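With the input below, show me the fold.
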Amino acid sequence: MAADDTQAPAAHKFSSNDVKVIAASSLGTMFEWYDFYLYGLLAGYISVKFFSGVNETTAFILALAAFAAGFAIRPLGSIVFGRVGDMVGRKNTFLVTMGLMGLSTFAVGFLPSYDAIGITAPIILVALRLLQGLAVGGEYGGAATYVAEHAPLGKRGFFTSFIQTTATIGLFIALLFVIGLRAILGEEAFSDWGWRLPFLLSIFLLVISLWIRFQLAESPTFQKMKDEGTTSKAPLAEAFGRWSNLKLILIALFGGVAGQAVIGYTGQFYTLFYLERIADVDPATSNILLVIALIIATPTFVFFGWLSDKIGRKKIIMTACILAALTLFPLFKALTHAANPELAQAVREAPVTVTAAPGECSIQFDPIGRNTFDSSSCDIAKAYLARNGINYANAEAPAGTLATVTISDRVITAPDPAALGEAELAAQIDAFRQEVGAELVAAGYPDEADPAKINRPLVIAIIVAIMLMVTAAYAPLAAMLVELFPARIRYTSMSLPYHIGNGWFGGFLPTVAFAMVAATGNIHFGLWYPVLIAAMTAIVGLLFLPETFRRNIDE
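Next comes the predicted model:
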């Protein structure tokens, strides 16, 4: 374990080399985040192009699942490239990860759709996502380690905070590409072929990033170990085979990274999906509101990184986790009122209830993508409400009773598939949907948020409030992880908890949260996922996570 620094940090003047190290590492990491976020932003288009032939709700969830596939493999990438980084060096390792990531992203722009090559299309798409995830698994640990090992004593939080801004800047640039191309091409052309352009344009970012990184030298800490012959010969065995280090990995994961990850993806992904899919705000407006909030909040990454050099990493990360656990529910309820006040009023004044026999209802989530949810009256009722993002409660009915949808005091009975032929069932399902839709409109449920009634300043303020928790949890994290582990196995040790946390706990958040909403009918139920994990992280971190900001990382 790294020893504590006992001497006060000497004054350090920000040099041109410092700028070069931070810029090169941050630009490359920003590019890789741009690639990942781009897929998330275009999930709706990708669900149509590569998962056609399934119902709309399932297609969207499957597209998010393919997005999450790239995150699922990230821990493997952290092990593979972490080992290489600890044995061969920081610089060459993240040159390889960047090239792999960039070419995989570029290839998505050329991939034929489901209509052109059938099931091969989503298979290739998932394979490309897995390659991207594998590369990112080695990227972050290399960049964070490289910058921290260049940073002077007392400046590691400040220096590495610039890397932490890259996730938000990557999302910001991806949003600008999407918004700009939509405006230039028009929605029809963008939906048809224009969505491919952001993937194709990424090749220019790849070339620039590689050119800058080729100019970097190896980190001084690793170069010193290499010159002295003290680099690890078996970093995996040292990192995971010794309980003293494995214990730190587990504490870092459950007492730091997991909470940071769910807060981060709630702020940067779930807010956008919530605005579009739940609050029914049109995508262009949702993107613009999020971009404005990101512009306001992004500088606070650097502030919290600087602050962590003064008061410590642990205090800031734990405070963010506690605040998230306490405030996410009220903040998202306020977001509904601000973004779609008519919807909030309708949910309050005209509640919707599905009454059905419990055995008839299936969970409104189909990982295979083949369920049309029309085999029972309950499924027919819930599938329509889930597809339209309608909040509903569940009530039990006696066995053998057909499911009903109650809107205020109006009761609508769903068709009985057992008593109808295929053609007649299809006609009755269509009639049922039209009747429910008409009643929802009559009860005040809007088809989409009225642009004139969106309280834009309040929406931005709420997103900024969520983003401040994101920046507080994330800004000190890189420095804390670097300081937690010894130099000879640092790349391997810090990369695994980071990518399990952000790849699994965070990366699966959109899919899990929307599946939870679809399964229960409660538009806020998905928030239990980040709330409970943030609370767990706060408890584990307060009890077991050590403070690290004064440690000597050269040992």
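
For stretch 165-179, buried residues please.
165-175, 177-179 (16 or more other Cβ atoms under 10 Å). In this view, the C-beta of every residue, glycine as well, is placed from N, C-alpha and C.

so which of those comes closest to residue 146?
Using Cβ to Cβ, residue 166 is the member of the buried residues of stretch 165-179 that lies nearest residue 146, at 13.3 Å.

From residue 143, how far out is the closest one?
In this view, residue 166 and residue 143 are 8 Å apart by Cβ to Cβ, to the nearest Å.

again, but for residue 402
For residue 402 relative to residue 143 (Cβ to Cβ), the value is 58 Å.

Same drill for those two, tell me which one is more crowded.
residue 143 (28 against 20; other Cβ atoms under 10 Å).

residue ranges of the strands in the stretch 401-550 of the chain, please?
In the stretch 401-550 of the chain, the strands defined using DSSP state E, counting those that start in this stretch lie at 404-407, 410-413.

Reformat those as a markdown table; add distance to residue 138 and mean pLDDT.
Output for those, formatted as a markdown table (distance: least, Cβ to Cβ, whole Å; pLDDT from 0 to 100):
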| stretch | distance to residue 138 | mean pLDDT |
| --- | --- | --- |
| strand 404-407 | 50 | 93 |
| strand 410-413 | 54 | 92 |
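
Of the ones you listed, which stretch is the most buried?
strand 404-407 (a mean of 21; mean count of other Cβ atoms under 10 Å).

That strand - contacts with which helices or strands?
The contact analysis (3 or more Cβ pairs under 8 Å, 6 or more residues apart in numbering; DSSP states H and E) places strand 404-407 against strand 352-356, helix 377-387, strand 410-413, helix 422-442.

Would you format the buried residues of stretch 165-179 as a markdown table with distance to residue 477, pLDDT and secondary structure included?
Formatted as a markdown table, the buried residues of stretch 165-179 follow (distance: Cβ to Cβ, whole Å; pLDDT from 0 to 100; DSSP: H, G, I helix; E, B strand; the rest coil):
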| residue | distance to residue 477 | pLDDT | secondary structure |
| --- | --- | --- | --- |
| 165 | 12 | 85 | helix |
| 166 | 13 | 80 | helix |
| 167 | 11 | 74 | helix |
| 168 | 14 | 75 | helix |
| 169 | 16 | 81 | helix |
| 170 | 16 | 82 | helix |
| 171 | 17 | 76 | helix |
| 172 | 20 | 78 | helix |
| 173 | 22 | 84 | helix |
| 174 | 22 | 85 | helix |
| 175 | 23 | 79 | helix |
| 177 | 27 | 86 | helix |
| 178 | 27 | 86 | helix |
| 179 | 29 | 83 | helix |
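
Out of those, which is nearest to residue 75?
Taking the buried residues of stretch 165-179 together and measuring to residue 75 by Cβ to Cβ, the closest member is residue 167, at 17.8 Å.

Tell me, how many residues neighbour the closest residue to the closest one other than its chain neighbours?
What sits nearest to residue 167 in space, not counting adjacent residues and going by Cβ to Cβ, 6 or more residues apart in numbering, is residue 33, at 4.8 Å. Burial measure for residue 33: 24 neighbouring residues, criterion other Cβ under 10 Å.
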